[in-house]
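**Q** I would like to see how this sequence folds:
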Amino acid sequence: MSENEISLWLKSLFTASQNKGIGEFKEYCFEHLKSVIEFDSGLWTTRSDMFKKVNVHWVDDSFLFNQPDAFMENYFNIASAAETPDLLNEYLINHPNQFIDLWQVVSVDEWQRTVYYSEHCKLYGIENALAALASKNENTSVSHAISIYRNDYAHKFTEKERELLTFLLPFLLQAFRLNLLYSFMPNSSGRVVRGVVDRFGTIIEAQDQFIRIMTFCDVFDCGMLKLESYGGVDALSSFWLDRYLIQIEHEKGLFFIKVTLPLIEELLSPKEIEVGKLLLNGLSNKDIANYLCRSPNTVKNQVNRILQKLNVNTREAAVLALMEWMV
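**A** Below you'll find the predicted structure:
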């Protein structure tokens, strides 16, 4: 691909990240990849516990391109009973964030003697594979496993194709993150804040006010949402948490949580609302007192009550929270 072709390809990718729904974006990515590299099927799994917890929910957490849902169940049935590990997966763990050709890891003869080939790959028409594991970092709580497959043994992946996919990988992941935000938070109103978690409660993306509310309600700790006492995030659809209405939707291993805030009139008194509007205009306590003809001590107490009711500790945080309610 020329630089201009890559630029146009990336422009289309990021445009789609803002226009496609959650359920259709990964499919778009595979179709878009097919415009630059030939392959027959693929896999994209997104999890916060890629290799640390029990292997459940893999069908829900995986998008399969031109493969049936039974693909994942069959694989883990084999993996749980096999005496030897999947050599490609073992290699990916130690070589993250780059695409690896199956034949970089194991010889053809050795691979075709494994149960992974005879009872899985051969069954689903996989004769060549390029795969990558994108591990979690300071900017994300999830790992991604992405693979593309060819069903013709003679049609091997080239070094240039592997390098191209490795180059495109970080752009695919950033586009996925943007897709979460754009598709889940379009035209977000001041009374709604949102967060995205996985089924274990790990925060994937969230607005600051969402974190403040979950912390205030004592269901947030160390990057995790703790809803076990309410039945668990994967068992809930809507419920009340203190004065907040919580609504949860599920899509392929991710849980989209919408928090509806109470009306500002339900939260603050009329006099506190007057003070809040002046806080938004950047006025000091002294200026607010002069404008409203109240004593500085009265205004100070009203500001403190506003902070308490908004679940914030600083004046700056109160202004940000008021913007979400009142602007």
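**Q** Just give the closest residue to L267, not the sequence neighbours.
**A** Ranked by CB to CB, 6 or more residues apart in numbering and with sequence neighbours excluded, the top spatial neighbour of L267 is K309, at 5.6 Å. Yep, even glycine has a C-beta here, placed from its N, CA and C like the rest.
**Q** my guess is K26 contacts F63, does it?
**A** Yes: look at K26 against F63 with CB atoms under 8 Å: they come within range, at 4.1 Å.
**Q** Leaving out chain neighbours, which residue sits closest to L227?
**A** Leaving aside its sequence neighbours, L227 sits nearest to V233 (CB to CB, 6+ apart; 5.1 Å).
**Q** Return the per-residue confidence for that neighbour.
**A** Per-residue pLDDT puts V233 at 87.
**Q** Tell me how many other residues surround it.
**A** 21 (other CB atoms under 10 Å).
**Q** cool, and the one 3 residues further on?
**A** When counting by other CB under 10 Å, one arrives at 16 neighbours for L236.
**Q** same check, this time on N297
**A** Counted with other CB under 10 Å, N297 comes out at 10.
**Q** cool, and E119?
**A** E119 has 15 nearby residues by other CB under 10 Å.
**Q** That one: what's it in contact with?
**A** 74, 78 (CB atoms under 8 Å, 6 or more residues apart in numbering).
**Q** before we move on, the earlier item: quick one, which of K26 and F63 is more surrounded?
**A** It is K26, of K26 and F63, that has more neighbours when counted by other CB under 10 Å, with 23 against 20.
**Q** what comes up buried for the helix or strand containing that one?
**A** K26 belongs to helix 22-33 when elements are defined using DSSP states H and E. Of all the residues in helix 22-33, those buried under the rule 16 or more other CB atoms under 10 Å are 22, 25-30, 32-33.
**Q** And the helix or strand hosting N77, how far out from the chain middle?
**A** Using DSSP H and E, N77 falls within helix 70-81. Helix 70-81 sits 25 Å away from the centroid of its parent chain (CA atoms, centre = their mean, to the nearest Å).
**Q** buried residues in that helix?
**A** Going by 16+ other CB under 10 Å, helix 70-81 has these buried residues: 71-72, 75, 78.
**Q** can you check stretch 147-154 too?
**A** For stretch 147-154, burial by neighbour count (16+ other CB under 10 Å) applies to 147-150.
**Q** do stretch 60-70 as well
**A** Going by neighbour count (16+ other CB under 10 Å), the buried part of stretch 60-70 is 60-65, 67.
**Q** can you check stretch 131-138 too?
**A** 131-134, 136.
**Q** got it, and stretch 109-129?
**A** Going by neighbour count (16+ other CB under 10 Å), the buried part of stretch 109-129 is 111, 114, 116-117, 120-121, 124, 126-129.
**Q** returning to what we had before: what are the phi and psi angles of the residue nearest to L227?
**A** When read as degrees, to the nearest 10, the backbone of V233 gives phi -60, psi -30.
**Q** Look up how far V196 lies from it.
**A** Going from V233 to V196 by CB to CB, to the nearest Å gives 11 Å.
**Q** same deal with K136?
**A** K136 is 15 Å from V196, by CB to CB.
**Q** One more: V106?
**A** 37 Å.
**Q** Comparing the two, which residue is more hemmed in?
**A** V196 (23 against 18).
**Q** if we can go back for a sec, could I get the buried residues of stretch 147-154 as a markdown table with distance to C217 and secondary structure?
**A** As requested, the buried residues of stretch 147-154 are exported to a markdown table (distance: CB to CB, whole Å; DSSP: H, G, I helix; E, B strand; the rest coil):
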| residue | distance to C217 | secondary structure |
| --- | --- | --- |
| S147 | 40 | strand |
| I148 | 43 | strand |
| Y149 | 45 | strand |
| R150 | 50 | strand |
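**Q** Distance to N281 and pLDDT added to these, as a markdown table?
**A** Output for the buried residues of stretch 147-154, formatted as a markdown table (distance: CB to CB, whole Å; pLDDT from 0 to 100):
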| residue | distance to N281 | pLDDT |
| --- | --- | --- |
| S147 | 54 | 95 |
| I148 | 55 | 97 |
| Y149 | 59 | 96 |
| R150 | 62 | 96 |
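**Q** which one among those residues gets closest to L225?
**A** Using CB to CB, S147 comes nearest to L225 of the buried residues of stretch 147-154, at 29.7 Å.
**Q** List the contacts of the closest residue in space to that closest one that isn't next to it in sequence.
**A** Using CB to CB, 6+ apart and skipping residues adjacent in sequence, the residue nearest S147 is A131, 4.0 Å away. Contacts for A131 were tallied using CB under 8 Å, 6+ apart; they are 88, 92, 99-100, 102, 145-148.
**Q** Now, those that are in strands?
**A** 100, 145-148 (DSSP state E).
**Q** F14: which of those is nearest?
**A** I146 (17.6 Å).
**Q** Work out which residue lies at the spatial centre of the protein.
**A** Centroid-nearest residue in the chain: I204, 4.3 Å away (criterion: CA atoms, centre = their mean).
**Q** Let me see the backbone angles for it.
**A** phi -90, psi -50.
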